[in-house]
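Q: okay, structure incoming, though there's no sequence with it:
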């Protein structure tokens, strides 16, 4: 667990939780347990995604993947434990004292749906089933909306549910939806063009597995244009108030990154 969790990475998803809290005018310290839970869950998903039965990757965050370091059985169990610990963090009694319990429960329920059979898991299923298939753009967007976007939306939505700010929640959902698609398009581009040493993981794996990607379907130029479209839409959804500065900066980082 510690090996994968502390190996580095962008920590983008927990940052989205905290930046959303700031957008809502709340102290980010109030949401640190939620941010940690999100990183636990994301790391679990990476461990399982790298397994031989799925993407069969050897490198993650600049280190051998968990199953390469400890064997498949220990990697599966580490992922299971991180998934369980994520929900333990979210249901910490201190949060029930800090927040309105009914809203906290609603946020955890929404998060569960985002990462479960209707969200992240379904996206992974469709991603695996689509290998070697000639998918249409709408099908590709659905895969990535669920596999990548659902968790990102849940990250920015969670603080809004907890504080009961429905108007901001609507804006954050739209922001998260465009953020998720932009992030995945960049991921697809970097899998083709990125430097494995910089990225800390293997490149060219999508093509080797016959996965549908934005560059394969649309070409590099159109993929980059679409990324900029989603950047603009995400920023526009939030508006240009000072409170949106952190979230605006995070989407720029996500799109302009080289890893």
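A: The structure has been received and is ready for your questions. Quick caveat, the model's predicted, so the values are computed rather than measured.

Q: quick one: residue 72 from residue 210, how far?
A: 23 Å (C-beta to C-beta, to the nearest Å). For every residue, glycine as well, the C-beta is placed using N, CA and C.

Q: cool, and residue 125?
A: Distance, residue 125 to residue 210, using C-beta to C-beta: 16 Å.

Q: pretty sure residue 34 sits against residue 89.
A: Yes. Residue 34 lies in contact with residue 89 (C-beta atoms under 8 Å); the separation is 7.5 Å.

Q: what do these two both touch?
A: Both residue 34 and residue 89 lack any common contact, where contact means C-beta atoms under 8 Å, 6 or more residues apart in numbering.

Q: settle it for me: which of residue 125 and residue 210 has more neighbours?
A: Higher neighbour count among residue 125 and residue 210: residue 125, with 14 against 11, using other C-beta atoms under 10 Å.

Q: and that one, what does it touch?
A: Taking C-beta under 8 Å, 6+ apart as the definition, residue 125 has no contacts.

Q: quick one: pLDDT of it?
A: On pLDDT, residue 125 comes in at 96.

Q: tell me the first helix or strand C-terminal of the helix or strand hosting it.
A: Using DSSP states H and E, residue 125 sits within helix 120-129. Going down the chain from helix 120-129, the next helix or strand is helix 137-144, by DSSP H and E.

Q: so how far is the helix or strand following that following helix from its chain's centroid?
A: For helix 137-144, the following helix or strand on the C-terminal side (DSSP H and E) is helix 150-163. On the basis of C-alpha atoms, centre = their mean, to the nearest Å, helix 150-163 sits 12 Å off its chain's mean C-alpha point.

Q: centre of the chain versus the following helix or strand past helix 150-163, how much separation?
A: With elements assigned by DSSP H and E, the helix or strand that comes after helix 150-163 is helix 166-193. What separates the centre of helix 166-193 from the centre of its chain is 9 Å, taken as C-alpha atoms, centre = their mean.

Q: now residue 213: closest residue in space, sequence neighbours ignored.
A: Closest residue in space to residue 213, ignoring its immediate chain neighbours: residue 188 at 4.0 Å, by C-beta to C-beta, 6 or more residues apart in numbering.

Q: how about residue 153?
A: residue 176 (3.6 Å).

Q: for that neighbour, list the residues it contacts.
A: 16, 149, 152-157, 234 are the contacts of residue 176 under C-beta under 8 Å, 6+ apart.

Q: kindly report the same for residue 217.
A: Here residue 217 is in contact with 135, 137, 140 (C-beta under 8 Å, 6+ apart).

Q: for those residues, pick the one with the most neighbours.
A: Of these, with other C-beta under 10 Å as the count, residue 140 tops at 24 neighbours.

Q: got phi/psi on the closest residue to that one other than its chain neighbours?
A: Take residue 140 and drop its neighbours on the chain: the residue closest to it by C-beta to C-beta, 6+ apart is residue 212, 5.1 Å away. When read as degrees, to the nearest 10, the backbone of residue 212 gives phi -70, psi 130.

Q: which of the helices and strands in the protein ranks last by mean pLDDT?
A: Least confident helix or strand, the chain: helix 196-199 with a mean of 82, by mean pLDDT, DSSP states H and E.

Q: contacts made by it with the rest, please.
A: 59, 190, 202-203, 258-259.

Q: how far away from the center of its chain is that helix?
A: That offset, for helix 196-199, works out to 19 Å (C-alpha atoms, centre = their mean).

Q: repeat for stretch 12-28
A: On C-alpha atoms, centre = their mean, the centre of stretch 12-28 falls 15 Å from the chain's centre.

Q: ok, now stretch 124-144?
A: Relative to its chain's centre, stretch 124-144 lies at 17 Å (C-alpha atoms, centre = their mean).
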